[in-house]
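**Student:** prediction below, plus the sequence it came from.
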Amino acid sequence: MSSNTTCMSTASISRNADFDTTVTSGTKSHKILRFSEYRYSCFDDVILHFDGISRLVSKHVLVQSSPIFATAFKDSSENDKPPQFTIEKYSKDAVFTLLHHIHDEGGYYSRLPRLWSKMPEESMIDAWGELRNYFEVFLMANEYGVESLRSQAQANIMAIRKRAWKLEDTLIVSTILNEVVNIYNNACDLDSSMLHELASQCLEHECKKERNHFWMFGKYDGIWAAEIKGFEKLVAKLNELDEGLVPKPWKSCVLPRSGTPPLVF
């Protein structure tokens, strides 16, 4: 992430339409669309750049919702030179989700887990496109400190995985597991809430339903163990949460294919 919160030295801003703004710098001018078409639109006073586009947004709404924005705009003054901030690496869909969330207090996004819990099998194909967005929103909300949005994204991801289990869609189940594991392997500032929920789901389904991610991890002599490297954090969480449920063995051997003992953490 990088930002530019310094006011443009020669830029000026003029509001000559209900929902857009003209920014002039030197001899050039261009219109910046306002994000808010209602409620806060008259207070839009900072420019966000992201994914090749720009939007005029209320500084007050941003700083009240995210510590990153609060820090970025703390030294900006009230004048005609709009402060600017660049959001890097996230798509416009993810940024718009965050902006809608902080403007409407998360109303619509929070209802989606209940919809996924009733999704018919033929509609699960829609989950693939949504999962990409949910994971990106989860990471962005975590980075920008918008905890309510991060929680909602997590709820959507886990609702899809739970529904996929009921429909025996093991591809979605395994894909989500691998993505969550990758996120925690590459993040050092992320709390363990989603890993905790993932491990709880694994224990519920892998034990009670006699299923097992046998090529990823298994249970040996009462201890969960990883079959391959990369699952250390998940296996540690499994051992922390397991209440002694012992899965029945698979008909096929669950020992590592290499013949070496499983990795225990």
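**Tutor:** In hand now; what should we look at?
**Student:** what segments of the stretch 101-250 of the chain are helices?
**Tutor:** 112-116, 126-143, 147-166, 170-186, 193-202, 208, 232-241 (DSSP state H, counting those that start in this stretch).
**Student:** most packed of these?
**Tutor:** Stretch with highest mean neighbour count among the helices of the stretch 101-250 of the chain: helix 147-166 (a mean of 21; mean count of other CB atoms under 10 Å). C-beta coordinates here come from the backbone N, C-alpha and C atoms, glycine included.
**Student:** if we can go back for a sec, out of the helices of the stretch 101-250 of the chain, the one nearest Thr86 is which?
**Tutor:** helix 126-143 (13.8 Å; CB to CB).
**Student:** quick one: that closest one to helix 147-166, angle?
**Tutor:** Note on geometry: by axes from the mean of the first three to the mean of the last three CA atoms, to 10 degrees, helix 126-143 and helix 147-166 are set 150 degrees apart in direction.
**Student:** which residues sit against helix 126-143?
**Tutor:** 1, 68, 90-91, 93-95, 97-98, 116, 119, 147, 149-150, 153-154, 156-157, 160, 164, 172, 175-176, 179, 183, 187, 189-190, 194 (CB atoms under 8 Å, 6 or more residues apart in numbering).
**Student:** so for that helix, mean pLDDT?
**Tutor:** Helix 126-143 comes out with an average pLDDT of 91.
**Student:** quick one on the thing from earlier: the helices of the stretch 101-250 of the chain: lowest mean pLDDT?
**Tutor:** Across the helices of the stretch 101-250 of the chain, helix 208 gives the lowest mean pLDDT, at a mean of 54.
**Student:** check which helices and strands whichever strand or helix holds Phe96 is in contact with.
**Tutor:** In the assignment (DSSP states H and E), Phe96 maps to helix 92-104. When contacts are defined as 3 or more CB pairs under 8 Å, 6 or more residues apart in numbering; DSSP states H and E, helix 92-104 sits against strand 44-50, strand 53-58, helix 59-65, helix 126-143, helix 147-166.
**Student:** may I see the buried residues of that helix?
**Tutor:** 94-103 (16 or more other CB atoms under 10 Å).
**Student:** measure the closest residue to Arg150 other than its chain neighbours to Ser148 for me?
**Tutor:** Ranked by CB to CB, 6 or more residues apart in numbering and with sequence neighbours excluded, the top spatial neighbour of Arg150 is Ala141, at 3.8 Å. Counting by CB to CB, to the nearest Å, the gap from Ala141 to Ser148 is 8 Å.
**Student:** what's the answer for Ile102, then?
**Tutor:** 9 Å.
**Student:** next: Trp165.
**Tutor:** 26 Å.
**Student:** could you list the low-pLDDT ranges of the stretch 1-150 of the chain?
**Tutor:** When residues are selected by pLDDT under 70, those of the stretch 1-150 of the chain lie in 1-43, 76-80, 105-114.
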